[in-house]
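Peer 1: I need the structure of the sequence given here:
(one chain, ligands or ions: 1)
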Amino acid sequence: MFKKFIMSALLSTAITTPALSHSFDGVEDAIQYRKAAFGLMAHNFGEMAAMLKGKKPMDKVIFAQRANNVAALAQLPHEGFIEGSDKGETDVLAKIWKNKSDFDDKMKALQISANQLAKVSQLDDIKAIKKAFGATGKNCKSCHKSYKQRN
Ligand code: ASC
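Peer 2: So this is what the prediction gives:
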C-alpha cells in the first residue's frame, strides 16, 4: 500500500512538474543563459541550413550531430524566461508574460519539431529531413514574430 502510494506520487511528479524551476541569481543571469543557448542553436541550425542549401557539402553524419545538438539545446532556453527579464540586454517583449501559456506552447512546439528533426536525420530520407527542418525553422520564426523585438 505504502509502496503503491510512493509509486503514484513519483509518477504524478514526473507528469506534472515543469522541466526545471529556475536557478538564476537575477534577470541578467537568466538573460545570458538563454542567449547562450539560442546562440548555440543558431550556429548549429545555420550550419544545417548551409548544407541543405548547397552552400556547404552535405555530410549526413555531421548533419545528424547538429540536429541532435539543436534538439538538446531547444530544451534549455525556456528556463531563462523568468518574470521581469525583459529589462536588460535582450530583445524579448514584455508581452511574453501576459501570454505565457501561448509562449510555452510555442517553445514546446519548437522542442517537438527539433526532436523530430533529430530523429529523421538518422534516416536516408532527404525529403523527410527537409520537411522537419522547415517545420523547426517555422517554429523559431513564429515565436520571434510574437515575442522578439528585432526579427
Ligand atoms: C537561425 C536563427 C534563427 C532561426 C530562424 C529560423 O539559425 O538564428 O533565429 O534560425 O531564422 O527560421
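Peer 1: only C-alpha atoms for contact and neighbour calcs from this point on.
Peer 2: Fine.
Peer 1: any residue of stretch 41-61 up close to the ligand?
Peer 2: Yes: using Cα under 6 Å from any ligand atom, we find that stretch 41-61 touches the ligand at 42, 45-46.
Peer 1: Please identify the buried residues of that stretch?
Peer 2: When neighbours are counted by 16 or more other Cα atoms under 10 Å, the buried residues of stretch 41-61 are found to be 41, 44-45, 47-49, 51-52, 60.
Peer 1: Please apply the same query to stretch 70-88.
Peer 2: Neighbour-count burial for stretch 70-88 [16+ other Cα under 10 Å]: 70-82, 85-86.
Peer 1: now do stretch 117-134
Peer 2: Quick answer for stretch 117-134 (16+ other Cα under 10 Å): 117-122, 128-130, 132-133.
Peer 1: out of these, which are inside helices?
Peer 2: Taking DSSP state H as the definition of helices, those contribute 117-120, 128-130, 132-133.
Peer 1: The chain: helices as residue ranges?
Peer 2: Per DSSP H, the chain carries helices over the ranges 2-16, 27-52, 60-73, 100-120, 126-147.
Peer 1: looking at those helices, which is closest to residue 92?
Peer 2: Closest to residue 92 of the helices of the chain, according to Cα to Cα: helix 126-147, at 5.9 Å.
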